[in-house]
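Enquirer: based on what follows, work out the 3D shape:
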Amino acid sequence: MSFATTDLCDDNAALLDDGRLSALPPVFRHYGKHVRFSGRVSTLKVHEDNALVRATLETQGNGNVLVIDGGASLRRALVGGQLGLLAQDNGWAGIIIDGCIRDTDEINACEIGVRALGAIPVKSSKKGAGERNLRVLIQGVPVNPGDWIYADADGILVAQQKLS
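Expert: Next up, the predicted model:
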């Protein structure tokens, strides 16, 4: 997988202009071994509850990127080391969390790309509340199931189509 988000922006200026390509604000921290990752989007919307996150990461990822609208909560972690391993073992390319993670050392040992607002040691609840496969807003940027994510050291792009 060879791409640079800067080149994708330069090569797709028309898509940026008409909104079919957007950049997420630069508020996410990088975790996991893969700084660069891309894939088709699956979405979740949860609030301080990661039961649906676990259920999703237990399925085959097929190189997709799980985008989690956690409401930008900084109070509880939605992904920890066990879920990082699940994501790696089930073939997810990456996870983007508008929220927090925990077990950073364990996640940093995983062959996956993870972006989150930060880390906090407090675990989430496990009631199963939330929704999957719906349009979410991540830091004000709309993300739809089936969109494409391109992430590297310079940032995270959301595209309505696969870019070349």
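
Enquirer: what strand or helix carries Ile156?
Expert: strand 155-159 (DSSP states H and E).

Enquirer: list the contacts of the spatially most central residue of the chain.
Expert: Nearest to the centroid of the C-alpha atoms of the chain, with distances taken as CA atoms, centre = their mean, sits Ile96, at 1.6 Å. Each residue near Ile96 by CB atoms under 8 Å, 6 or more residues apart in numbering is listed here: 24, 28, 65-68, 114-116, 138, 149, 151, 156. C-beta coordinates here come from the backbone N, C-alpha and C atoms, glycine included.

Enquirer: give me the element it is part of.
Expert: Per DSSP H and E, Ile96 falls inside strand 94-101.

Enquirer: can you tell me the strand partners of that strand and which way each runs?
Expert: For strand 94-101, the paired strands and their directions (DSSP bridges) read strand 65-69 (parallel), strand 77-79 (parallel), strand 113-119 (parallel).

Enquirer: work out the gap between it and the centre of the chain.
Expert: 5 Å (CA atoms, centre = their mean, to the nearest Å).

Enquirer: average pLDDT across it?
Expert: Strand 94-101 shows a mean pLDDT of 98.

Enquirer: extract the CA atoms of that strand and return them as PDB.
Expert: Taking C-alpha atoms only, strand 94-101 is exported to PDB below (Å, rounded to 0.1, in the frame of the first residue of the first chain):
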ATOM      1  CA  GLY A  94      -7.500   0.100  11.000                       C
ATOM      2  CA  ILE A  95      -9.800   1.800  13.600                       C
ATOM      3  CA  ILE A  96     -10.500   5.500  13.900                       C
ATOM      4  CA  ILE A  97     -12.100   6.400  17.200                       C
ATOM      5  CA  ASP A  98     -13.700   9.800  18.000                       C
ATOM      6  CA  GLY A  99     -13.000   9.000  21.600                       C
ATOM      7  CA  CYS A 100     -10.300   7.200  23.600                       C
ATOM      8  CA  ILE A 101      -8.400   3.900  23.800                       C
END
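
Enquirer: whatever helix or strand comes next after that strand: which residues count as buried?
Expert: Tracing the chain C-terminally past strand 94-101 and defining elements by DSSP H and E, one meets helix 104-108 next. Within helix 104-108, the residues scored as buried using 16 or more other CB atoms under 10 Å are 104, 106-107.
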